[in-house]
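Colleague: this one's structure only:
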């Protein structure tokens, strides 16, 4: 119940342990094609260049940045948490002239702020995080996409924690490059990063003047392995791709609307329980991700010892805070398979025990009672 | 029986499918520590900075290059196959002034040629491939390491296909940076790249003037996650690390000398069989890797149709040639779990059937009889 990895379905574990075939075996090529088709459905896109990068989410971030950016290109990066900050770092290493715009941790960007920046900077690329894993902030993208494109820029989106948990509409929102991770709301172990590039982004990548800084992540070559040519580039993580295919099949069996509704339902119950216990959220009301709940730690309660007790006594992992939120929040994840009523009730009851033992006052059973009532009312 | 992935032991498959925990879970930190200890034993090194990069072998190559090279640094790359060529490409992207020295595919580098190059170029780094997966050439390193270090350079070695199959003595041979893959002679699925850096290389990395071009592969940060600090960097591929730990335990249970002897024994039997069938090797006698056997395709025999028949009729994958060897050689892998007498006899018998059906003349049963006799004589 941390900020990922989330729980893995037994079907995915079984797929992971299946016999390894070669990376050019006809069977594996079929796995790749099926994975791409399902990724397009999950990303809500027709983008041809949609595939799983052979690394975890941060490798997906690097893939998007280093393929779009050439040395000297201007990029605006929206930083309201650790992962926006990471994107700015990656962009600088790729040689971009980076302009950072900021919001405090837990807040989101108003459209006007992005509009002002793109008109001032006239960047090639604007990078923004849809679901800030460090804060649980849920960034709306539709209006921002319009102002980015009006200024002639490309929109690059971090969807590591959003994909499979909340709507991610790549085509409808006109997103040019997007990356995610497998271990969040897709409920697959970490190891791959789904990415998708719009035709416009592909055009930019294929007409670069300089080579992509990373050979491993160079989409001009990777796309020939995932495309019709099947030209050998690198050895893909075979078994991880089996697992991703199975995880995507489970996502699509459930259906995206049902899956998003489930994430929202369990979030509402958890939130009702936490509020009834007198606990608050550390991010902006109205922009809270269902799958990542940043709970403000009550004053006088020690962060690490509570997390240790949750883990050792109940087998529950919750995340600590990052950056300025370190020691000040717990991050409770309800991602993919982990987003279940049984986990909501358990974490509330377990947290109450840990807090009461540390002298925190709350009405006995308030959390689970409020959560149950919330489920009943939905 | 291709150039990797090799067969996976059931213990490794089971480890891969075990429940996923968090990347900062105490259990996973223990897995990381145990993996590092076993990697040091397999690499024959005391190097503190020894770990598994979160990507496949090519990511390991890129890790070694981009961490050691700053823009403008001189690097000599020894190219006698596809993977040496790849290293030169990676080095160029990292901003190195690359000097390539060459040998034909299938040949190795004499010490004098490397000595001449390092004295002429005075490079910061010399990159060389111990086991060229594209040709099966087995490059001796001890003498070359001496001339590289006499010239004040660092030695970077590609051990993707060698580790676990033939001796790799990082400390005894004074190697400064080395990378491997999991899916060759370690018999783990692809997805991670074991790397090791000497204290001298660590010093070079930690005193860089510029940031490492790749955030994902920046050892200055990655080492804090794998080291005492356990500082979060990226989410490691948890289950792949379970699998690698199990695969390394199997390697060490067998013992490196016994494992190397097994690879050699099965190679000798395969070679005896192939020669008895009138087939030849496409690499230099005396420098042939036991785990990768490049067989010259007889004239008039079609490459692809034989490989297709082997796969469809017998479930045997063999590799095609790469670069100038495309269409001219088959690469028969005897790596890790795949290096077994049953596979040697099967591939010889199956290959004979495929060849005879295409009009190739050889004494009936010559391959398996010669291989069996070779085993009997060992």
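Modeller: It's in. Note that this is a predicted model, so its numbers are computed, not measured.

Colleague: from here on, contacts and neighbour counts on C-alpha atoms
Modeller: Fine.

Colleague: list the buried residues for stretch A:295-303?
Modeller: Within stretch A:295-303, the residues that count as buried by 16 or more other CA atoms under 10 Å in any protein chain shown are A:295-297, A:301, A:303.

Colleague: do stretch A:274-290 as well
Modeller: For stretch A:274-290, the neighbour count (16+ other CA under 10 Å) marks A:274-277, A:279-284, A:287-290 as buried.

Colleague: what's in contact with it?
Modeller: For stretch A:274-290, contacts defined as CA atoms under 8 Å, 6 or more residues apart in numbering or on different chains pick out A:105-108, A:131, A:135-139, A:165-166, A:263-264, A:266-268, A:293-298, A:329, A:334, A:348, A:352, A:362-363, A:366-367, A:370.

Colleague: what segments of the stretch 51-200 of chain A are helices?
Modeller: A:57-68, A:82-93, A:111-121, A:142-150, A:199-206 (DSSP state H, counting those that start in this stretch).

Colleague: can you name the residue of the stretch 251-378 of chain A nearest chain B?
Modeller: residue A:317 (7.6 Å; CA to the nearest CA).

Colleague: hang on, residue A:285 in a helix?
Modeller: No. Assignment of residue A:285 by DSSP: H, G, I helix; E, B strand; the rest coil gives coil, placing it outside any helix.

Colleague: give me the pLDDT value at it.
Modeller: Residue A:285 is assigned 98 on the pLDDT scale.

Colleague: for residue A:368, see how far away it is.
Modeller: According to CA to CA, to the nearest Å, residue A:285 and residue A:368 sit 22 Å apart.

Colleague: same check, this time on residue A:110
Modeller: Taken as CA to CA, the span from residue A:110 to residue A:368 is 35 Å.

Colleague: do residue A:85 as well
Modeller: Here residue A:85 is placed at a distance of 36 Å from residue A:368 (CA to CA).

Colleague: higher neighbour count, the two?
Modeller: Each of residue A:85 and residue A:368 has its neighbours counted (other CA atoms under 10 Å in any protein chain shown); residue A:368 has more, 25 against 16.

Colleague: and the more buried one, helix, strand or coil?
Modeller: helix.

Colleague: nearest spatial neighbour of it, skipping sequence neighbours?
Modeller: Leaving aside its chain neighbours, residue A:368 sits nearest to residue A:345 (5.4 Å; criterion: CA to CA, 6 or more residues apart in numbering or on different chains).

Colleague: residues making contact with the helix or strand hosting the one you found?
Modeller: Applying DSSP states H and E as the criterion places residue A:345 in helix A:341-357. If you take CA under 8 Å, 6+ apart as the criterion, helix A:341-357 is touched by A:266, A:269-270, A:273-274, A:277, A:301, A:306, A:309-310, A:314, A:316, A:361-362, A:365, A:367-368, A:371-372.

Colleague: so which of the residues you listed sit within helices?
Modeller: A:266, A:269-270, A:273-274, A:306, A:309-310, A:314, A:367-368, A:371-372 (DSSP state H).

Colleague: which of the residues you listed count as buried?
Modeller: A:266, A:269-270, A:273-274, A:306, A:309-310, A:367-368, A:371-372.

Colleague: now those as a markdown table including distance to residue B:91?
Modeller: What follows is these, written out as a markdown table (distance: CA to CA, whole Å):
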| residue | distance to residue B:91 |
| --- | --- |
| A:266 | 49 |
| A:269 | 53 |
| A:270 | 51 |
| A:273 | 55 |
| A:274 | 53 |
| A:306 | 47 |
| A:309 | 48 |
| A:310 | 47 |
| A:367 | 57 |
| A:368 | 58 |
| A:371 | 56 |
| A:372 | 59 |
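
Colleague: separation between residue A:270 and residue A:305?
Modeller: Applying CA to CA, the value for residue A:270 to residue A:305 is 22 Å.

Colleague: check residue A:73 too.
Modeller: When distance is defined by CA to CA, residue A:73 is 46 Å away from residue A:305.

Colleague: next one: residue A:79
Modeller: The spacing between residue A:79 and residue A:305, counted by CA to CA, is 30 Å.

Colleague: these two: who's more crowded?
Modeller: Between residue A:79 and residue A:305, counted using other CA under 10 Å, the more crowded position is residue A:79 (24 against 11).

Colleague: show me the contacts for the closest residue to that one other than its chain neighbours.
Modeller: Once flanking residues are discounted, residue A:79 sits nearest to residue A:102: 4.9 Å by CA to CA, 6+ apart. Contact analysis of residue A:102 by CA under 8 Å, 6+ apart lists A:78-80.

Colleague: need the residues you listed in TSV (columns: distance to residue A:97 and pLDDT).
Modeller: Shown next, in TSV, are the contacts of residue A:102 (distance: CA to CA, whole Å; pLDDT from 0 to 100):
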residue	distance to residue A:97	pLDDT
A:78	14	98
A:79	15	98
A:80	19	98
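
Colleague: in strands only, show me the residues you listed.
Modeller: Those of the contacts of residue A:102 mapping onto strands are A:78-79, per DSSP state E.

Colleague: return the member of the contacts of residue A:102 nearest to residue A:30.
Modeller: Nearest to residue A:30, judged by CA to CA, of the contacts of residue A:102 is residue A:78 at 38.1 Å.

Colleague: any idea what the closest one is bridged to?
Modeller: Taking DSSP bridges as the rule, residue A:78 bridges to residue A:101.

Colleague: now do the contacts for it.
Modeller: Residue A:78 makes contact with A:84, A:100-103, A:109, A:126-129 under the criterion CA under 8 Å, 6+ apart.

Colleague: before we move on, what about residue A:25?
Modeller: By CA under 8 Å, 6+ apart, the residues touching residue A:25 are residue B:317.

Colleague: tell me how far it lies from residue A:344.
Modeller: Here residue A:25 is placed at a distance of 43 Å from residue A:344 (CA to CA).

Colleague: cool, residue A:146 as well?
Modeller: Where residue A:344 is concerned, residue A:146 sits at a distance of 37 Å (CA to CA).

Colleague: was I right to think residue A:184 contacts residue A:3?
Modeller: Yes. If you go by CA atoms under 8 Å, residue A:184 and residue A:3 touch, sitting 7.4 Å apart.

Colleague: between the two, which one's more packed in?
Modeller: Taking other CA under 10 Å, residue A:184 and residue A:3 do not tie; residue A:184 has more neighbours (33 against 28).

Colleague: number of nearby residues for the closest residue to that one other than its chain neighbours?
Modeller: Excluding the flanking residues, the one nearest residue A:184 by CA to CA, 6+ apart is residue A:4, at 5.1 Å. Residue A:4 has 33 neighbouring residues, counting by other CA under 10 Å.

Colleague: thank you kindly, that will do.
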